[in-house]
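Q: predicted structure and sequence below. I'll ask about it afterward.
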Amino acid sequence: MDFAQIAFLLFAATATVAAGAVITMRNPVHAVLCLVLTFFSVACTWIVAGAEFLGIALILVYVGAVMVLFMFVVMMLDIDVAPLRKHFVRFLPIGLVVAVVMLVEIVTLIGVRANMASGLPANAAASTDVPNTVWLARTLFTDFLLPFEVAAVILTIAVVAAVMLTLRHRGGVRTQDPSWQARVRASDRVRMVRMEAARPVKAPTEPTGGDA
């Protein structure tokens, strides 16, 4: 077992532990930080395995965009984040731990790529004389089309579920009823009224003093 295989196993173990922490921690901020570490560790495993495009895409798309969306959903669920903002210093230790682990993974990844010997299987795209991205697209939409579509359906259901969780009827909050808005008629919205025009009353003028 060479250095590349050891690094791959370490990245995979880190991703597994961080993923378990995401679903066990009660603090949403800690869960978000662990999820970032999970995505980053998985990206490192893909880069070690030769799938550089997948690794970079995972960091740019999921760590950059999906985590922002995750925090947006957390805010929409009406979680009381005032104590979280008030005691921001308490989140500093776990943030430093995540940052240190990511830094160690980056240094290890650089060492793996600098090492010429590789104990992992050869990159499948190298034998086809096509770029890694082209090979990935062809494989994804031919051999793995069904799992790709299933994943798309699961993500769609998750988006609908997130929206339904936010549509709670609470007192004192203005909400819209789309069915009532669709059934409304023009006569219910506008009522024509005929009324006489109001004319201003002129004040009587006082006579000027010319007669004694």
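A: Okay, I see it. Numbering: from 1, shown residues only.
Q: what's the helix or strand for P147?
A: helix 145-166 (DSSP states H and E).
Q: beyond that helix, next helix or strand please.
A: Counting by DSSP H and E, what follows helix 145-166 is helix 178-183.
Q: helix or strand right after that following helix?
A: On the C-terminal side of helix 178-183, the closest following helix or strand by DSSP H and E is helix 186-189.
Q: and the helices in this structure?
A: For the chain, the helices defined by DSSP state H cover 3-24, 28-49, 52-57, 67-76, 82-86, 92-114, 132-140, 145-166, 178-183, 186-189.
Q: and the second one, what other elements does it pack with?
A: Judged by 3 or more C-beta pairs under 8 Å, 6 or more residues apart in numbering; DSSP states H and E, the packing partners of helix 28-49 are helix 3-24, helix 52-57, helix 67-76, helix 92-114. C-beta coordinates here come from the backbone N, C-alpha and C atoms, glycine included.
Q: do the third one as well
A: Judged by 3+ C-beta pairs under 8 Å, 6+ apart, helix 52-57 is in contact with helix 28-49, helix 132-140.
Q: could you dump stretch 21-35 to PDB, C-alpha only?
A: Extracted C-alpha coordinates of stretch 21-35, given in PDB (Å, rounded to 0.1, in the frame of the first residue of the first chain):
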ATOM      1  CA  ALA A  21     -21.400  14.600  12.500                       C
ATOM      2  CA  VAL A  22     -23.800  16.400  10.100                       C
ATOM      3  CA  ILE A  23     -26.800  14.300  11.100                       C
ATOM      4  CA  THR A  24     -25.900  14.000  14.800                       C
ATOM      5  CA  MET A  25     -25.100  17.600  15.800                       C
ATOM      6  CA  ARG A  26     -28.000  19.600  17.000                       C
ATOM      7  CA  ASN A  27     -26.400  23.000  16.300                       C
ATOM      8  CA  PRO A  28     -27.100  24.000  12.600                       C
ATOM      9  CA  VAL A  29     -24.000  26.000  12.300                       C
ATOM     10  CA  HIS A  30     -21.800  23.100  13.400                       C
ATOM     11  CA  ALA A  31     -23.700  20.800  11.000                       C
ATOM     12  CA  VAL A  32     -23.000  23.200   8.100                       C
ATOM     13  CA  LEU A  33     -19.300  23.300   8.900                       C
ATOM     14  CA  CYS A  34     -19.200  19.500   9.000                       C
ATOM     15  CA  LEU A  35     -21.000  19.300   5.700                       C
END
